[in-house]
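**Q** Provided below are the primary sequence and the corresponding predicted coordinates.
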Amino acid sequence: MRKEDVKILLVRKKIEFDEMQVGHKTAYSRGGGTTLRNSVCLCYRCNKLQGTDSWERFLKKQGIEIEKKKPIKVTKSKRKKSGEPTWINPITGKKEKFNPLGI
């Protein structure tokens, strides 16, 4: 495979439906799932060239380096949870225990 062919894949050259194959970024035989996230649209030739290599390894063999995305850091909210609901009284401006029945 020529480097030009891989570049065409990376810019998403249109592949006719009858020429298209769906490859796995991580091979099914190596634990990759059959999900959209693990799928890549390939022509027959590229799919065969990839074999059971990961997508990153396949591209590296073709001389193409890609940036790995950094994982998104998810943090928990530091908001304190109180046991009882409260509200701010518009007349006094003070935080009070919420008591809808007035008991």
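**A** Looks like it came in fine. Numbers count the residues shown, from 1 in each chain.

**Q** Relative to Gly31, how far out is Lys61?
**A** To Gly31, Lys61 is 20 Å away according to Cβ to Cβ, to the nearest Å. Where you see a C-beta, it was placed from the backbone N, CA and C, and this is true even at glycine.

**Q** repeat for Trp55
**A** Distance of Trp55 to Gly31, given as Cβ to Cβ: 14 Å.

**Q** And these two? Which one has more around it.
**A** Between Trp55 and Gly31, counted using other Cβ atoms under 10 Å, Trp55 has the larger neighbour count: 19 against 8.

**Q** Give me the pLDDT value at the spatially most central residue of the chain.
**A** Among the residues of the chain, the one closest to the centroid is Arg37, at 6.6 Å (Cα atoms, centre = their mean). Predicted confidence (pLDDT) at Arg37: the value is 88.

**Q** what's the answer for the one 4 residues further on, then?
**A** Cys41 is assigned a predicted lDDT (pLDDT) of 83.

**Q** In this structure it contacts Lys25, no?
**A** No. Using Cβ atoms under 8 Å, Cys41 is not in contact with Lys25, being 11.2 Å away.

**Q** Compare these two (neighbour count), which wins?
**A** Between Cys41 and Lys25, counted using other Cβ under 10 Å, Lys25 has the larger neighbour count: 16 against 13.
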